[in-house]
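Novice: sequence below, structure please.
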Amino acid sequence: MFTPPDTGKAYRMSGIARVVRFVANIVVLILVVWILMALLHANQGNDLVHWFRDAADWLATWSRGIFRVHNRDWQIILDFGLAAVVYGVIGNVIGSRGGD
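Specialist: All right, here's what the predicted structure looks like:
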């Protein structure tokens with residue numbers, strides 16, 4: 001019979017850390033997919049593209065406009081890429097503290 005290596009609080013924290021890391025990685029994936037769609041000029045009328053745009057806009061609300069550049073592509077990369085990096089780093093740092 002399988003016995004988890006951790007018991008009690010340490011085991012629960014390990015599970016929570018995995019969930020935090022998983023959610024952070026999903027958030028990063030959404031932002032990266034939107035960056036690629038925007039840079040490749042995906043059809044803005046498509047429902048899937050619209051969903052990714054709305055999700056990325058909401059997730060990166062705090063990071064949009066921190067830096068201003070005149071090139072549209074670089075503005076997208078900075079606006080959404082910064083958010084992706086921050087979510088990825090924070091989520092994985094928290095996830096690594098869970099005792100995995």
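Novice: and after the helix or strand of the chain with the lowest mean pLDDT, which helix or strand comes next?
Specialist: When the helices and strands of the chain are scored by mean pLDDT, DSSP states H and E, helix 8-39 comes last with a mean of 87. Sequence-wise, the next helix or strand downstream of helix 8-39 (DSSP states H and E) is helix 47-59.
Novice: average model confidence for that next one?
Specialist: Averaging pLDDT along helix 47-59 gives 97.
Novice: ok, and what's touching it?
Specialist: 27, 30-31, 33-35, 37-38, 42-44, 64, 80, 83, 87 (Cβ atoms under 8 Å, 6 or more residues apart in numbering). Glycine gets a C-beta too; all of them are placed from N, C-alpha and C.
Novice: correct me, but residue 86 touches residue 63?
Specialist: Yes. Counting by Cβ atoms under 8 Å, residue 86 touches residue 63, with 7.2 Å between them.
Novice: what's around residue 22, how many residues?
Specialist: 12 (other Cβ atoms under 10 Å).
Novice: swap that for residue 51, sorry
Specialist: Residue 51 has 12 nearby residues by other Cβ under 10 Å.
Novice: thinking again about what came up before, what's the least confident helix or strand of the chain packed up against?
Specialist: helix 47-59, helix 72-96 (3 or more Cβ pairs under 8 Å, 6 or more residues apart in numbering; DSSP states H and E).
Novice: point out the most buried one among those.
Specialist: helix 72-96 (a mean of 17; mean count of other Cβ atoms under 10 Å).
Novice: for the residue nearest to residue 73 when sequence neighbours are not counted, give me its contacts.
Specialist: Nearest residue to residue 73, sequence neighbours excluded (Cβ to Cβ, 6 or more residues apart in numbering): residue 39, at 5.6 Å. By Cβ under 8 Å, 6+ apart, the residues touching residue 39 are 73, 76, 77.
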